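Participant: only geometry, no sequence info:
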DNA sequence: TTGTAGGCGTTATCAT
DNA sequence: ATGATAACGCCTACAA
C-alpha cells in the first residue's frame, strides 16, 4: 500500500507537509495542498491507523467486553446497538471483544482491549467477581466502566440496577392479586443478578407472612429451555401454584410454551411474570406480565458519560436503576418501533 | 505504561532479548529468560499491540461490517456469535464496524477496517450494490468476503442463498395443500433478498396457473411491526385469503399477533409461513410453519474459509444454500440448546 | 547466546 | 510555508 512518503515524493514535498494537509494543523499554501490531494488520489493512499495511533498515543476507540453466552437474545443486541450508535456519533469506533464463558477469558478480553490501547473500556461482566472487577478498575489508569454490577470501592465506575427491589415488587403485585402459591424459577445462581432476584422473591413472601416453600423454587439457567424444564419439574413435584415468576423473559417464554403444551391456560389457571431484561415484545405471547428494566437508558447513560469523560469531562457514572411492572399486552412494539 | 525498554534495563539485557523471550523465536538461555520474566512481572509490562502490529504488518484480526438496522433481532446475534467463536478459536480477534444505514456508511466501515489493517474483512451488505461490492473486492489486495450476495465477477468471494427458490418452494407447499388465495408480505424491496423472495412467490403461482392478484401483495419492511400493518392492510382491502407468506420470520410474528388480535384462528382459518433467517423457535407461537435456511452453516463456512485462507490455504468460498420447509412445532429448541 | 541498528508509517518539534 | 529529524514501541536481520 502507498505510504505517506510516496505521496510526499509524488507531490514534491516532505512527509511533514502531507501530514499537515491531512490533519489540517499548520499552514500549507493552497497550491501545495492541491498537489498533495492530487498525489493522494493518484496513489490511492490510505493512512495507516496503527502508525497514527502509535504516534498520537490515542486510538479514538471504545472497547466493549461481553460474554458470548449473551450473544443470543435481544439483550445483547440492544447493548451493542446503543454502544455502536453512541460511539460513532462521537466519531469513535467500537471494538468488541468476546468474554467467552469464563472469568479467565473475560480477563483476557479486557487485557486485549487494553493492549490495543482502547481509550476506554466498557464491560458487562458475567463471570468476573465484583471484587476482582474492583481491583481491575483500580489497577489501570485507563477508564474502565462496569455494567450491571455494584462496585464497592469504585462505585463511580459502575452502573447497576436494584434487582432485588424489582423482583420484590413483581412478587408483591401477585400477592396483591390474591396469589399465595407462587413458584419461582431462578436464574443462574453464580450470577449476582440471579441471587438478587431470588432474594427479592423471598423478601416479598416474608413481608407478607407467606411461608416459603422450597419446593416451589426451581433453578434455571436463563434460557428458554430451562424455563420449559422448570415447568416439568414443578409438575413432577406435584406442587400446586397459581403463579410463576421467572427470573428473566427468556425463561418466561419457555414457561409459557410448556404450560401451553400441558393444556394449562394463562392467565386463568396460572399467571406468569418475567423480567424484561430488554423488550422481547415482538416475539411474545400475550398475557405475560413483565418487569421492565430500563436497560437501554442505563446503556446510553453509561456510554455517553464514558465518551464525555474521554473528552475531558468529569467521571461520575454511578447510577441506580429500578424497574416498573407492565402487562405484556400494553407493549405495542419492540425495539423495531 | 512500562515499555519493552524498561523491562530490558531492569533485566540487564537488550530489547531484542526481551522480544525473543516474548515471541519464543531465537535462542535465549534459561537464566536470562527467568530474569526477563521476573522483570516483566515487576514492571507490569504489557506489549503494545499497535507497535507490534505495525512492525509485523499483521494484526491477527478479522473485521466484520453489518448495518445496525440488523442489530436488533436474532439474525445478527447468530452471525456475531459464530464469527466471534470462530475467529477466537484461531487465536484471532474480531473487530466489528457499524455499517449504519446507508451505502456511504457501509463504505466507510469497510475503509476503517482496512485502515486498521485487519487481515481480512467479512461484510453482510445491506445498502451497497452487488456491482459496487464487486469493485471493492477487486480493488483491494486484502481478502474481502461478502455474505448473502452473489457477486458476478468475484463470486468466489461470496456466499449466498437461493432466495427465489426457497420462496417458491414455500409457496408451492401451500398450493399443494390446496391453497389458492395466498397473500404475500414482501421485505424491503431495495434489498435483493426482498426482491428474490417476491419473485419466487410469483413464479410459484405462475407455474401452477394461479392468476396473480396484486392486491394480495403487501409491502413490509422486515420488522414485526410491518407484519402487523400488513394484516391490517389486507383486511382493509377486504381481500379473502387462506394463507399468508411473510418474507421473514420477524414479519411473520407480527402477522400472527395481528391475526390473533382480530380473532382469526391459525391455522384453521389462515396458514402462515415465514422465512427462518435464523431460529426464532424459542420465541415462537406454535403453528407457524417456516422455511429454514441454514444461515448458521453459511456463516461458519464463510468465516472458517476466510481464516483458513489467512493461514495460506486456497480461497474458494462461493456457495449456494437453499432451505427446507419445517413446521414450527417440530423445532424443539433454538440457539440456546 | 546476546547486542546493535534499521525499519514499520505516523505525528510533532524545531529550525529555516 | 516547508523540511529535517526525533519520537512512538516493537520486530528482525546482521554482527559479535
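Facilitator: Yep, it's here. Note that the structure is a prediction, hence the values are computed from the model and not measured. Residues are numbered from 1 along each chain as shown, chains lettered A, B, ... in the order given.
Participant: residue contacts, the residue at minimal distance from the centre of chain A?
Facilitator: Relative to the mean C-alpha position of chain A, the nearest C-alpha, by CA atoms, centre = their mean, is the one of residue A:79, at 4.5 Å. By CB atoms under 8 Å, 6 or more residues apart in numbering or on different chains, the residues touching residue A:79 are A:64, A:66, A:124, A:147, A:295, A:299. From N, CA and C alone the C-beta is placed, and that goes for glycine too.
Participant: Please render these as JSON lines that adds neighbour count to the earlier fields.
Facilitator: Listed next are these as JSON lines, based on neighbours: other CB atoms under 10 Å in any protein chain shown:
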{"residue": "A:64", "neighbour count": "25"}
{"residue": "A:66", "neighbour count": "27"}
{"residue": "A:124", "neighbour count": "23"}
{"residue": "A:147", "neighbour count": "23"}
{"residue": "A:295", "neighbour count": "22"}
{"residue": "A:299", "neighbour count": "24"}
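Participant: Between those residues, which sits nearest DNA strand C?
Facilitator: residue A:64 (25.4 Å; CB to the nearest atom of the strand).
Participant: From what I see, residue A:115 and residue B:48 are in contact.
Facilitator: Yes: with contact defined as CB atoms under 8 Å, residue A:115 and residue B:48 form a contacting pair (7.0 Å).
Participant: higher neighbour count, these two?
Facilitator: Neighbours were tallied for residue A:115 and for residue B:48 using other CB atoms under 10 Å in any protein chain shown; the higher tally belongs to residue B:48 (18 against 15).
Participant: Tell me how far that one lies from residue B:33.
Facilitator: Look at residue B:48 and residue B:33: by CB to CB, to the nearest Å, they are 21 Å apart.
Participant: Over to residue A:163?
Facilitator: Residue A:163 is 48 Å from residue B:33, by CB to CB.
Participant: Please say which of those two ends up with more neighbours.
Facilitator: Using other CB under 10 Å as the criterion, residue A:163 and residue B:33 rank with residue A:163 on top: 27 against 14.
Participant: Please name the residues that touch that one.
Facilitator: A:192-193, A:196-197, A:200.
Participant: Which one of those is nearest to residue B:108?
Facilitator: Within those, proximity to residue B:108 (CB to CB) peaks at residue A:193, which comes in at 37.0 Å.
Participant: That closest one - nearest residue in space that isn't next to it in sequence?
Facilitator: Nearest residue to residue A:193 in three dimensions, chain neighbours excluded: residue A:163, at 5.3 Å (CB to CB, 6 or more residues apart in numbering or on different chains).
Participant: cool, and residue A:198?
Facilitator: Of all residues not flanking residue A:198 in the chain, residue A:186 sits nearest, at 5.0 Å (CB to CB, 6+ apart).
Participant: Enumerate the beta-bridge partners assigned to the one you found.
Facilitator: Per DSSP bridges, the residues bridged to residue A:186 are residue A:219.
Participant: is it true that it touches residue A:216?
Facilitator: No: here residue A:186 does not reach residue A:216: they are 11.2 Å apart, not a contact under CB under 8 Å.
Participant: The stretch 51-200 of chain A: strands as residue ranges?
Facilitator: Taking DSSP state E, counting those that start in this stretch as the criterion, the stretch 51-200 of chain A carries its strands at A:61-66, A:93-98, A:120-124, A:144-147, A:158-161, A:182-186.
Participant: Out of the ones you listed, the one nearest DNA strand D is which?
Facilitator: Between those, strand A:61-66 lies closest to DNA strand D; by CB to the nearest atom of the strand that is 16.1 Å.
Participant: for that closest one, what is the average pLDDT?
Facilitator: Strand A:61-66 shows a mean pLDDT of 94 in the predicted model.
Participant: Please name every helix or strand in contact with it.
Facilitator: Secondary-structure packing of strand A:61-66 (3 or more CB pairs under 8 Å, 6 or more residues apart in numbering or on different chains; DSSP states H and E): helix A:74-89, strand A:93-98, helix A:103-115, strand A:120-124, helix A:295-310.
Participant: can you give me the offset of the shortest one from its chain's centre?
Facilitator: In terms of CA atoms, centre = their mean, to the nearest Å, the centre of strand A:120-124 is set 10 Å apart from its chain centre.
Participant: Residue A:186 and residue A:216: who's more crowded?
Facilitator: Between residue A:186 and residue A:216, residue A:186 has the larger neighbour count (other CB under 10 Å), namely 24 against 21.
Participant: show me the contacts for that one.
Facilitator: Residue A:186 sits next to A:194, A:197-198, A:217-220, A:247 when contact means CB under 8 Å, 6+ apart.
Participant: I'd like these as CSV, with distance to residue A:84 and neighbour count appended.
Facilitator: As requested, the contacts of residue A:186 are exported to CSV (distance: CB to CB, whole Å; neighbours: other CB atoms under 10 Å in any protein chain shown):
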residue, distance to residue A:84, neighbour count
A:194, 28, 20
A:197, 29, 28
A:198, 33, 22
A:217, 38, 16
A:218, 37, 23
A:219, 34, 17
A:220, 30, 27
A:247, 28, 33
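Participant: rewinding a little: quick one: the residue nearest to residue A:193 from chain B, how far?
Facilitator: Distance of residue A:163 to chain B, computed by CB to the nearest CB, to the nearest Å: 21 Å.
Participant: per-residue pLDDT, that residue?
Facilitator: Reported pLDDT at residue A:163 in the predicted model: 92.
Participant: And the one 5 residues further on, by the same measure?
Facilitator: In this model, residue A:168 is scored at 95, pLDDT.
Participant: How about residue A:136?
Facilitator: The model reports residue A:136 with a pLDDT of 96.
Participant: Equivalent analysis for the one 4 residues further on, please.
Facilitator: For residue A:140, the pLDDT comes out at 94.
Participant: what do you get for residue A:283?
Facilitator: Reading off the confidence values, residue A:283 has pLDDT 63.
Participant: And for residue A:266?
Facilitator: Residue A:266 carries a pLDDT value of 79.
Participant: again, but for residue A:101
Facilitator: According to the prediction, residue A:101 has pLDDT 89.
Participant: how near is the nearest residue to it once chain neighbours are set aside to DNA strand C?
Facilitator: For residue A:101, ignoring the flanking residues on the chain, the nearest one in space by CB to CB, 6+ apart is residue A:69 at 5.4 Å. Noted for residue A:69: a distance of 38 Å to DNA strand C, by CB to the nearest atom of the strand, to the nearest Å.
Participant: Spell out which parts of chain A neighbour DNA strand C.
Facilitator: Along chain A, the residues adjacent to DNA strand C under the rule CB under 7 Å from any atom of the strand are A:1, A:3-5, A:15-16, A:19, A:22-23, A:25-26, A:45-48, A:51-52, A:54-56.
Participant: which stretches of the stretch 201-337 of chain A form strands?
Facilitator: With DSSP E, counting those that start in this stretch as the criterion, the stretch 201-337 of chain A has strands at A:217-219, A:243-246, A:271-276, A:289-292, A:319-321, A:324-327.
Participant: and among these, the most buried is which?
Facilitator: With neighbours taken as mean count of other CB atoms under 10 Å in any protein chain shown, the strands of the stretch 201-337 of chain A reach their highest mean count in strand A:243-246, at a mean of 29.
Participant: now the residues of chain A next to DNA strand C: which count as buried?
Facilitator: Burial by neighbour count, judged by 16 or more other CB atoms under 10 Å in any protein chain shown, picks out A:3-4, A:19, A:22, A:45, A:48, A:51-52, A:54 from the residues of chain A next to DNA strand C.
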